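sequence and predicted model, in that order:
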There are 2 protein chains.
Amino acid sequence: MSEDTQLTDTEDLQERLAEVQTLLARHKLVEGLVHRQEGPRHDLVEDIVHKQHLNALRAKLDPMHPADIAYILEALPLEERLIAWDLVKAERDGDILLEVSDAVRESLIESMARNELVAAAETLDADELADLAPDLPQGVIDDVFLSLPAEEREQLRAAMSFPEDSVGALMDFDMVTVREDVSLEVVLRYLRRFEELPDHTDQLFVVDRDEHLKGILPLNVLLVHDVEVEVHSLMKTDFIELEPSDLAEEAAKAFERYDLVSAPVVDSESRLIGRVTVNAVVDYIREEAESEQLAHAGLREEEDIFASVWDSVKNRWAWLAVNLVTAFIASRVIGAFEDSIQQLVALAALMPIVAGIGGNSGNQTITMIVRAIAMGQVQPDAMRRLLRKELGVATINGLLWGSLLGVAAWWLYGSAKLGMVMTAAMTLNLLLAASAGVGIPLLREKFGADPAIGGSVMITALTDSGGFFIFLGLATMFLM
Amino acid sequence: MSEDTQLTDTEDLQERLAEVQTLLARHKLVEGLVHRQEGPRHDLVEDIVHKQHLNALRAKLDPMHPADIAYILEALPLEERLIAWDLVKAERDGDILLEVSDAVRESLIESMARNELVAAAETLDADELADLAPDLPQGVIDDVFLSLPAEEREQLRAAMSFPEDSVGALMDFDMVTVREDVSLEVVLRYLRRFEELPDHTDQLFVVDRDEHLKGILPLNVLLVHDVEVEVHSLMKTDFIELEPSDLAEEAAKAFERYDLVSAPVVDSESRLIGRVTVNAVVDYIREEAESEQLAHAGLREEEDIFASVWDSVKNRWAWLAVNLVTAFIASRVIGAFEDSIQQLVALAALMPIVAGIGGNSGNQTITMIVRAIAMGQVQPDAMRRLLRKELGVATINGLLWGSLLGVAAWWLYGSAKLGMVMTAAMTLNLLLAASAGVGIPLLREKFGADPAIGGSVMITALTDSGGFFIFLGLATMFLM
C-alpha cells in the first residue's frame, strides 16, 4: 500500500460513490448537450465544462485505495464504469484488476488494448499475476512471461500450475529469510537494508544454505531479546508447514485454529518456496462462503449487478433445468394416482403439505450432517449415532406435526381415516427425509464427491416424489 | 501460545482423535470389567491398567494446543468428553472453553464446580472473559469481577457492555503504545523490556499523554529505518480508526479491503481504548458464514453432534412450524379450486411444477439482490434497473421453460389449451417471483430489518400459494 493512499470506512466509501455518480451524471448531461448541437462548431464553453467534470472525477479517484476504486467500479453501470476506468492512472490498473469481482474484471479487460494489459500485468508480483492470468488473453500472458526475470518467470510458472483451491494458489513469494548462526544484531542490520518489509511479515524464516526451513523467528520475539543472542537459540521449531498441494481449506483451518498471520510453504524436501498470509486466507474464506451461498440458490457465479438479461439467464438456467426435471418426475408420480384424486379431491390439496415439510426437514438434517463431515469429527461409529438421532427427531416431528395436520384434515374434510393417512404419511416422509439427509452426504463423501454440493436438490427431489407417493399410495390403500 | 505447544495439521489431528478414542474405549472396557466384579476386592491389576489408560490419555492431551483439545472434545460423546475434560490441566480450562462451540461449552461448564470455573476464568484476559461471560453462572462472574485489578475490571465492564456484532465485542486490550517525540532507538529499548509482544502486534500505536491516538508505527517501518529517526517522522497518520459501536461487519470489510492485521479502536474523543486483530475478524467472518448457513435451513444454532433428540427437536421446530403454516395456506388455495381439479384431474399433477419453479427462480433473484444490498452498491437508480433486469430474466425463463412444459402437458393430456394455460401460468409466476425477489429484501431494508433473514421462506410461500392460484385460476377461467 503506497504511503499516500486514503483509507476510508464503508460509510465514507458510499458517500464517495455518490459523489462519483454525481460527477458522471453531470458529465453525461454535458455530453448529451454537445452531441445534440451536432453542428461543426462545438461550443467551446461546454467542452471546457465537460473536461472539468472529468478532471474533478480524476482528482476524486487518484488518492483512493485500489480496493475502493474497485468497489466504485463495481457499483457503476458499464458505460460509466468505463469512463471512470479510463481516468484511473495506468500504473494502478493491475492492482485494481486484482480487486474487482470476476464479472467486472471481464468488462474492464475487454475495454483495454493489448499493450495496456501487458503494462498493467507487469506491475504485479508473480503470485498476483497467476491470479489474474485466467482472465487475460493468452497473447498478453506470453508477452508478460517473456518480460519477466528468470526467477519470477519460474515463480509464475509454479503459481499457475496449482489448482484454484490449493495452498499453491494462495501462496506468495515475499518472504524474508535469515540464517540460524547469526546474532539478532546482524538480523536487525540486515532488515535495515530493506526499503520496507513485505506486508504481513510477522516472522522471519530461518533457512540453511540449501533453503531448507529450520525454524521461524517471530518479530515479536526478535524485538524483545538482547541483540547479542543468536537466532538458533530463539527460533521456534514447532510450527505449521504447508505444502503447495495442500487444500486451501486445510490451510484456512490452521490459520483459524492457531491465529496465524503467515505460514511457510515448503516443497517435499522441506525447502522453503513461499508463504501464505492471513489476508489471502481471509479472501479465500469470504469467497468460499459466498460461492456456497450462490450455489445454494443455483447461481453458477457472481453476477455483475449490471449484467445483461441474457448473461443472467445463462447463469441461472442449469439450476432451473434440474429442478424442472425433478418437478416433472414428482408430477408423474401424482399422475399415477389420478384416479384416487378424482375420487377424493381433498388429496390434491393436502399432498403438497406432506411433500413440503419433508423437504424442509430433510434440508435441516443434511445441513447438520454436511457440517459435521466438514469438521472431520464424524467417525463411522458417530455416524450410526447420528442416524439414530435423526430418525428419532423425524419420528417425534412426524407424530407431532402429522397429528396436528391429521386433525386439521379430519376437521376440514370430516374423515378421521383421511386424518390418519395424513399423520402416517407425514411421519414416513420425515423418516425418508432423515435417512436421505444422513445418507446422501455420506455416500457422496464415500465416492469422493463434495458432500455439500447438490445435496439440497437431491433431498428435495426425493421428499417431493416420495411424499406424493407415500401419501397418495396410503390413501389409495386405505381410503379407496 | 506457549512455547511447548504442538501444532498439527488437520490430518494429524484426526489421527490424534482416533488415538484418544481408542484409549477411551479401552478405559471403558476395563471399567466395565471392574464394575462387573462388584466384589470387595477389586482386581489390583485391572485397576492399574485402568490408570495406565488415563495416564496415556493425559500424556496425549497435555502437549496439544487448546484449539486442538477443543476439536477433540467436540468430537466425543458426552460421557467420553467429560472423562477427557477432567484430565486436561486446570490452568488450560479457560483457553479451551473459549475455543469450543457453544453447545459443547455448555456441557463442559455444567460439569464444573464453581471454584473450578472461577479459577478457569481468572486465567483469561478481560476481552476473553467477556466472550465467555454469557455462558457462566452469574455467581462465577461476580467472583471473578471482584478478583480483578481495577483497570481490568473496567475493561471487562466495557467489553461486556457492547452488543455481540459490534467492534467492541471483537476488541482486545493488548496493545503497545509509544510517544511521537522519541527516537526508534528508544522504542526498540522499550520493546526489549517486554517478555514477549502481544500476539498480532504488527504496529505500535502512537499516542499523546492523554491517550489520544496520533498515528501508527508499523513494525515493518520501524525495522527498516535508522535508529536515530524520531517516531513522528515515520508514523502513518492515514489509517483506519474503529469505534466500539461500529458494526463488526464494517470492521471485517475494512480488514478485507486493506489487508489489515490490527486496527486501533478509539472512543468519541479519539482516545485509544483497544484494538481489533485479524484473528478476531477471521473468527467473526467464519461464524457469520456458518450462522447464515444454519439460518438458511432454519436451524437456530449449531447442534452439538451428540445433542439429545429432544434438544434437536427444539432447535428445529420453529422453522418447521412456519413452513407448516405457509404450506397450509397454499393447501387452502388449492382447496378453493377443488371443483376444477375434480373436472380436470391433470391440474393436480401439473400444479406443483408451476409452484416449484417459481420458488427456485425467486430464490435466485433474492440471493442476488440481498448480496447487492450487502455490498452497499445499490443506489435507488440501480434498483429500478435491477427490477427491469429481473423481470426480463423471468419473462425469458417463463416463456422458455413454460413452453417446454406446455408442450409436455399438451402431449400428456392431449389438450393444447391446457398447454397454453401452463405456459401462461409459469410466466406469470416467474414474474411474481422476480418482483417479490427484488421487493422483499428492499422493503425489509427500508424498515430496518436485515434483508437476508427469512426472505427465502417468504418468497417460497408467495410463489407456492401464488403459483397454485395463478395456475388453477387460469385453468378455471379458460378450461372449465
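Here it is on my side, so go on.

please, which helix or strand holds A:Phe145?
Per DSSP states H and E, A:Phe145 falls inside helix A:138-147.

just A:Ile109 next, same as before
helix A:102-110.

does chain B sit close to that helix?
No: judged by C-beta under 8 Å from any C-beta of the partner chain, helix A:102-110 and chain B are separated, with a smallest distance of 10.6 Å. Using the backbone N, CA and C atoms, a C-beta is placed for each residue, glycine as well.

circling back: so how far is the helix holding A:Phe145 off the chain centroid?
28 Å (C-alpha atoms, centre = their mean, to the nearest Å).

do stretch A:354-366 and chain B meet at all?
Yes: counting by C-beta under 8 Å from any C-beta, chain B is contacted by stretch A:354-366 at A:355-357, A:360-361, A:363-364, A:366.

show me what the helix holding A:Phe145 is packed up against.
Contact partners of helix A:138-147 among helices and strands, from 3 or more C-beta pairs under 8 Å, 6 or more residues apart in numbering or on different chains; DSSP states H and E: helix A:114-122.

tell me the mean pLDDT over the helix or strand just after the helix it packs on?
Using DSSP H and E, the helix or strand that follows helix A:114-122 in sequence is helix A:126-132. Mean per-residue pLDDT for helix A:126-132: 90.

helices or strands up against helix A:126-132?
In terms of contacts (3+ C-beta pairs under 8 Å, 6+ apart), helix A:126-132 is packed against helix A:93-99, helix A:150-161.

return the helix or strand in chain A with minimum mean pLDDT.
helix A:10-37 (a mean of 76; mean pLDDT, DSSP states H and E).

what mean pLDDT does the helix or strand following that one have?
Next in sequence after helix A:10-37, counting helices and strands by DSSP H and E, comes helix A:44-61. Helix A:44-61 comes out with an average pLDDT of 79.

buried ones in helix A:44-61?
A:49-50, A:53-54, A:56-57, A:60-61 (16 or more other C-beta atoms under 10 Å in any protein chain shown).

identify, from those residues, the entry nearest to B:Glu31.
Proximity of the buried residues of helix A:44-61 to B:Glu31 (C-beta to C-beta) peaks at A:Leu61, which lies at 71.2 Å.

is it true that A:Gly215 touches A:Leu204?
No: with contact defined as C-beta atoms under 8 Å, A:Gly215 does not reach A:Leu204; the gap is 9.6 Å.

neighbour count: those two, which is higher?
A:Leu204 (23 against 20; other C-beta atoms under 10 Å in any protein chain shown).

burial check on whichever residue of the stretch 1-150 of chain A sits closest to chain B, number of neighbours?
Closest approach between the stretch 1-150 of chain A and chain B, counting by C-beta to the nearest C-beta: A:Ala75, at 3.7 Å. When neighbours are defined as other C-beta under 10 Å, A:Ala75 has 25 of them.

thought it was touching A:Leu13?
No: if you go by C-beta under 8 Å, A:Ala75 and A:Leu13 don't touch, sitting 9.7 Å apart.

just for the stretch 201-350 of chain A, where's the confidence low?
Applying pLDDT under 70 to the stretch 201-350 of chain A flags no residue at all.

now do the helices in it.
A:219-222, A:231-234, A:248-258, A:278-296, A:309-335, A:338-343, A:346-374 (DSSP state H, counting those that start in this stretch).

who's in contact with the first one?
This means helix A:219-222. Helix A:219-222 is contacted by residues A:184, A:187-188, A:201-204, A:234, A:236, B:196-199, B:201, B:219, B:223 when judged by C-beta atoms under 8 Å, 6 or more residues apart in numbering or on different chains.

same for the host helix or strand of A:Glu80, what does it pack against?
Secondary structure from DSSP H and E places A:Glu80 in helix A:78-87. Identification of packing neighbours for helix A:78-87 by 3+ C-beta pairs under 8 Å, 6+ apart yields helix A:10-37, helix A:44-61, helix A:66-75, helix A:102-110.
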